[in-house]
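# What follows is a predicted structure for the sequence shown.
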Amino acid sequence: MPDFTYSKEEVQRCLEALPSRSRIAFGLSCCERMFRNYVTCKQKIKWGDEQPLQKALDELWKCVEGEEMAKSAAKQMYEACEAVAPNSDDFSELLTTSAQDACFSICCVLDYVLQGNPERIAQASSFAVDTLDLYVSALLDGFDRTPHAIFNGEERDEQIRSHPLMQRELARQDADLKLLASNPNLTLLKSEWRAPAKSNLDL
């Protein structure tokens, strides 16, 4: 089985070789895998609103299908998604950061619509990895909030990188980029990539 590592710079390099609609599709694939994390967090902390996120995803998929998004609409949705991101200072729930990442990843794709900079799509993929980094670390500790000093930094980093959840996410990103490079039917991809049954955290 391949052993995957993550490089935002390499993701960006791959994105730079893709057409704009394919870049957006890749970013949305990452966002869709994080959306349920937000919904689950909202249920736990009794705060939040997934509707702005869902609306943004709906409108961005239309861009993948070839529709133009007005910059004013992209900016408005960006602000709406940013506004529903929970503050880690206000909530102790572990998934709070994952919910933030879900919001900010969608903001990144909207920002790409505004700026056209593929780095913003690469940043969305980085948020997906960050989500897993924190969650897998807590999973390895048995979700015990007490700091653990069993492993040094390099050992812990390797445990997280090689964890099945992280490897699955990295493999998916790699596969998506390779598929998009083959110039697939993006409308068909939309039907396959939208609303996955489980999030990247298996929620």
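Nice, I can see it. This structure is a prediction, so every number in the text was calculated from the model and none was measured. Numbers count the residues shown, from 1 in each chain.
# any weak-confidence spans in the protein?
1, 143-152 (pLDDT under 70).
# could you redo the last one with a cut-off of 90?
Within the chain, the stretches with pLDDT under 90 are 1-2, 140-156.
# Touching, Lys42 and Arg36? I think so.
No - with contact defined as CB atoms under 8 Å, Lys42 does not count as touching Arg36 (10.4 Å). Backbone N, C-alpha and C define where each C-beta goes, glycine included.
# These two: which has the busier surroundings?
Arg36 (21 against 18; other CB atoms under 10 Å).
# Mind checking what helix or strand follows the one helix or strand Glu9 maps to in sequence?
Using DSSP states H and E, Glu9 falls within helix 8-16. Per DSSP H and E, the first helix or strand lying C-terminal to helix 8-16 is helix 20-45.
# what's the angle from that following helix to helix 8-16?
130 degrees (axes from the mean of the first three to the mean of the last three CA atoms, to 10 degrees).
# quick one: contacts of the very next helix or strand once past helix 20-45?
Sequence order places helix 51-64 as the next helix or strand after helix 20-45, per DSSP H and E. In this structure, residues lying in contact with helix 51-64 by CB atoms under 8 Å, 6 or more residues apart in numbering are 21, 24-25, 27-28, 31-32, 35, 38, 69, 73, 77-78, 80-81, 83-84, 102-103, 106, 109-110, 113, 186-187, 189-190, 194.
# Now whichever helix or strand comes after helix 51-64: buried residues?
The first helix or strand that comes after helix 51-64 along the chain, using DSSP H and E, is helix 71-83. Of all the residues in helix 71-83, those buried under the rule 16 or more other CB atoms under 10 Å are 74, 77-78, 80-81.
# Throw these into a markdown table and include distance to Thr96, thanks.
Below are those laid out as a markdown table (distance: CB to CB, whole Å):
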| residue | distance to Thr96 |
| --- | --- |
| Ala74 | 26 |
| Met77 | 22 |
| Tyr78 | 21 |
| Ala80 | 19 |
| Cys81 | 16 |
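# Can you classify Asn87 as helix, strand or coil?
Following DSSP: H, G, I helix; E, B strand; the rest coil, Asn87 is assigned to coil.
# list the contacts for it?
Counted by CB under 8 Å, 6+ apart, Asn87 has contacts Thr96.
# Which phi and psi values does it adopt?
Note on Asn87: its backbone torsions stand at phi -90, psi 130 [degrees, to the nearest 10].
# now Asn117
Dihedral angles for Asn117 - degrees, to the nearest 10 - are phi -100, psi 110.
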